[in-house]
Every structure is written in C-alpha cells, then in structure tokens.
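**Student:** What follows is a protein structure lacking sequence information:
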C-alpha cells in the first residue's frame with residue numbers, strides 16, 4: 001500500500017477515472033435485437049436461462065440502435081440487407097462494437113463461391129471487432145466472443161492523450177472476388193445454362 005496505508009477507512013478503493021468508466025461500460029453492454037438467419041437462434045439461446053447472458057451485463061437487448069452499443073450480426077448477410085446493416089451501425093452511439101457470429105457472417109460460409117447474393121464477410125460492410133466462427137456456433141462461443149469484447153473495453157484509453165486502444169481492431173478492405181467461372185459474363189452465362197440443364201427433371 002505504501003503511503004496510502006492507514007489513511008482511508010475500510011470499504012474504500014482507489015482507481016483511475018478511465019478504469020471506472022471502462023468497468024461500467026464492460027459491465028453494461030447492451031446488444032441490439034438483431035438476427036438475420038439461423039445463428040440468431042443460438043444468440044437467443046445464449047440470452048435464455050441456461051446460459052444467462054445477463055450475468056455478463058449484456059442481457060438487456062435493445063430494440064433500437066440508438067440505445068445499443070453492441071451489434072451481434074447473427075446470420076447470412078445478403079447484398080440487399082447490407083445497406084440496412086450499415087445504416088443501423090451508423091445510428092449506434094460511440095463507442096460501438098460488432099461481433100460477427102457464424103461462418104456466413106465471417107466469410108460467406110457455404111455460399112462463398114456460388115452465393116452471388118451473399119456478402120463474403122460482414123467486415124466488408126461494417127468494422128468487426130470479434131469473429132465467432134461456426135455453423136452455427138454454440139452459445140458458449142458467443143459468450144467467449146462477448147468476453148473478448150469486454151477485454152477490448154477494459155483496454156480502452158480514450159481519456160489519455162496519444163494512447164490508442166491496446167487491442168487493435170482488425171479490418172479488411174477490398175472488393176468481392178468472384179470465382180473464375182463467374183468473373184467473365186460469357187462464362188457466367190454458360191455456367192447458368194449448365195446448371196439449368198442439370199436441374200431439369202429427367203424424363204421417364
């Protein structure tokens with residue numbers, strides 16, 4: 001204790017303002033009520049009584065992005081939905097965090113090669129802080145992802161000048177690369193014709 005020993009009564013603790021704010025933030029993460037596909041069922045299970053997401057302070061799912069600071073993108077993101085995801089993300093107050101839950105959200109999943117309507121990773125739409133892979137991931141995996149978000153919040157140093165966040169935020173930029181058979185319009189037409197012929201019912 002040093003010079004503090006004996007100078008304070010029992011029941012007092014000392015800390016910094018940064019640590020107190022980060023402790024309050026990590027203990028009250030409010031996710032947004034937001035599910036896109038089958039991974040949302042596992043997210044609901046994580047919030048139910050068996051896994052009890054509320055014991056981490058993240059059980060208050062908010063129905064509006066303006067009251068949420070955590071977006072759990074659970075499920076397949078289509079190109080039609082991507083603009084809505086981005087709009088919701090922009091409406092969330094800072095600091096805000098994103099968990100990419102499931103193989104489809106992390107990198108396109110089974111639709112990566114031929115799913116022309118599926119975004120090949122939600123990190124092309126919004127910056128992702130934690131990736132939770134799996135198809136679908138278990139609720140325990142989502143709890144682990146939430147704890148990694150809390151570790152990031154604990155390391156934030158917004159009040160200290162010239163001190164970045166200790167844990168870097170991964171990011172990926174670039175365009176979606178199509179497979180060779182779909183990159184060229186002529187090859188894409190041939191590929192579509194072959195698929196259509198294969199799908200035709202066989203004659204008796």
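**Tutor:** Yep, it's here. Computed from a prediction, not measured in an experiment: that's the story for all the values here. Numbering: from 1, shown residues only.
**Student:** Name the helix or strand for residue 22, please.
**Tutor:** In this assignment (DSSP states H and E), residue 22 forms part of helix 17-26.
**Student:** And that helix, what's buried?
**Tutor:** By neighbour count with 16 or more other C-beta atoms under 10 Å, helix 17-26 contains the buried residues 22, 25-26. No exception for glycine: its C-beta is placed from N, CA and C like everyone else's.
**Student:** ok, now stretch 85-98?
**Tutor:** Judged by neighbour count (16+ other C-beta under 10 Å), stretch 85-98 contains these buried residues: 85, 88-89, 92, 96-98.
**Student:** For it, measure first residue to last.
**Tutor:** End-to-end span of stretch 85-98 (C-alpha to C-alpha, to the nearest Å): 11 Å.
**Student:** next one: that stretch to chain centre, how far?
**Tutor:** Averaging C-alpha positions (C-alpha atoms, centre = their mean, to the nearest Å) puts stretch 85-98 11 Å from its chain's average.
**Student:** Work out which residue lies at the spatial centre of the chain.
**Tutor:** Centroid check for the chain by C-alpha atoms, centre = their mean gives residue 99 as the closest residue, at 1.6 Å.
**Student:** Next secondary structure element downstream of the lowest-mean-pLDDT helix or strand in the chain?
**Tutor:** None of the helices or strands of the chain scores lower by mean pLDDT, DSSP states H and E than helix 180-183, at a mean of 68. Later in the chain than helix 180-183, the nearest helix or strand by DSSP H and E is helix 185-199.
**Student:** quick one on the thing from earlier: with secondary structure, pLDDT and distance to residue 144 added, can I get the buried residues of stretch 85-98 in TSV?
**Tutor:** Rendered in TSV, the data for the buried residues of stretch 85-98 read as follows (DSSP: H, G, I helix; E, B strand; the rest coil; pLDDT from 0 to 100; distance: C-beta to C-beta, whole Å):
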residue	secondary structure	pLDDT	distance to residue 144
85	helix	86	23
88	helix	87	24
89	helix	87	23
92	coil	88	22
96	coil	85	20
97	strand	88	15
98	strand	89	16
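**Student:** coming back round to it: that's a helix at the residue nearest to the centre of the chain, yeah?
**Tutor:** No - counting by DSSP: H, G, I helix; E, B strand; the rest coil, residue 99 falls outside a helix, being strand.
**Student:** ok, it to residue 107 distance?
**Tutor:** Here the criterion is C-beta to C-beta, to the nearest Å. By it, residue 99 lies 15 Å from residue 107.
**Student:** One more: residue 75?
**Tutor:** Using C-beta to C-beta, residue 75 is found at 14 Å from residue 107.
**Student:** of the two, who's got more company?
**Tutor:** Neighbour comparison, residue 75 and residue 107: the larger count goes to residue 75, with 24 against 19 (by other C-beta atoms under 10 Å).
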